[in-house]
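A.B. asks: Fold the following and give me the result.
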Amino acid sequence: LKREAQIPIYSIGFGQDVNFKHLQEISKDSQALAKRVYDGSDAALQLEGFYREIENPIFQNLTFDYVGQGIEKDTITQNGKLLMFGDTEIIVAGKLDEDIAELKIRQTGINQEGNVDENLICLRMTDEDIIRFSWPKPECVLRTHSPLSPAQNFLRKLFAYLSIKQKLGREKYENEALAIALENNFV
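C.D. replies: Modelled structure (predicted):
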């Protein structure tokens, strides 16, 4: 139903005996949230807090379009979110071409002020091997070609994990998922 109608399914589980993992999976599949309400006198406060969390999404139908060349589009782990709340984050991973000069990401969606259609982030690599992010403020990060640090290695493994997770269950991509898992020593 969700894939056709794009309806978020919010789940609330009461008490300790609820199969909360199942409720989380249902909600996650529809890009929504799940909440466990614990027994006790503050159950009403827990419900009220959950309602406050979901009552005003800051974005609806948020999508990112990677404009132009420079990114391997089939490596992108996700490109948007049905609903985005104040404390929500979106992690998108993908592979950039080595010789990329500029990457622009176009954001579209609906917020409280109406339709949004803007270039949110521009990434430029200069000849000095500096990566510049133009949003939210200009910052420079030195790009080196030294061995991967533990943090970089973690990000590489995270990208591999997200790619595998996306490809599993889709029959024509299962061999790719297996190849990525083997390449990263996951199996």
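A.B. asks: From here on, just use CA atoms for contacts and neighbour counts.
C.D. replies: Will do.
A.B. asks: same for whichever strand or helix holds Ser27, what does it pack against?
C.D. replies: Using DSSP states H and E, Ser27 falls within helix 20-29. Helices and strands touching helix 20-29, by 3 or more C-alpha pairs under 8 Å, 6 or more residues apart in numbering; DSSP states H and E, are strand 11-14, strand 34-37.
A.B. asks: Walking through the chain, point out its strands one by one.
C.D. replies: 11-14, 34-37, 59-67, 80-84, 102-111, 114-125, 130-133, 139-142 (DSSP state E).
A.B. asks: what about Ala179, neighbour count?
C.D. replies: A count of nearby residues for Ala179, using other C-alpha atoms under 10 Å, gives 12.
A.B. asks: about what we covered before: which stretch in the strands of the chain has the least confidence?
C.D. replies: Mean pLDDT across the strands of the chain is lowest at strand 139-142; the value there is a mean of 40.
A.B. asks: residues near Gly86, how many?
C.D. replies: With other C-alpha under 10 Å as criterion, Gly86 counts 11.
A.B. asks: ok, now Leu96?
C.D. replies: By other C-alpha under 10 Å, neighbour count at Leu96 equals 15.
A.B. asks: now do Leu47
C.D. replies: For Leu47, the tally of surrounding residues (other C-alpha under 10 Å) stands at 15.
A.B. asks: ok, and for the helix holding Ser27, which residues are buried?
C.D. replies: Of all the residues in helix 20-29, those buried under the rule 16 or more other C-alpha atoms under 10 Å are 20, 23-24, 26-28.
A.B. asks: Which one among those sits at the bottom for pLDDT?
C.D. replies: Lys28 (85).
A.B. asks: need the contact list for Asn119.
C.D. replies: 104-107 (C-alpha atoms under 8 Å, 6 or more residues apart in numbering).
A.B. asks: list the contacts for the residue of the chain positioned farthest from its centre?
C.D. replies: In terms of distance from the mean C-alpha position of the chain, Ser41 ranks first, at 35.6 Å (C-alpha atoms, centre = their mean). Residues near Ser41 by C-alpha under 8 Å, 6+ apart: none.
A.B. asks: are any of the contacts of Asn119 buried, and which?
C.D. replies: Buried, going by 16+ other C-alpha under 10 Å: 104-107, out of the contacts of Asn119.
A.B. asks: tell me which residues of the top helix by length along the chain are tucked away?
C.D. replies: Using DSSP state H, we find that the single longest helix of the chain is helix 150-167. Buried residues in helix 150-167, counted by 16+ other C-alpha under 10 Å: 157, 159-164, 166-167.
A.B. asks: Relative to Glu48, which of the buried ones among the contacts of Asn119 is nearest.
C.D. replies: Gln107 (31.6 Å; C-alpha to C-alpha).
A.B. asks: That concludes my questions; thank you for your assistance.
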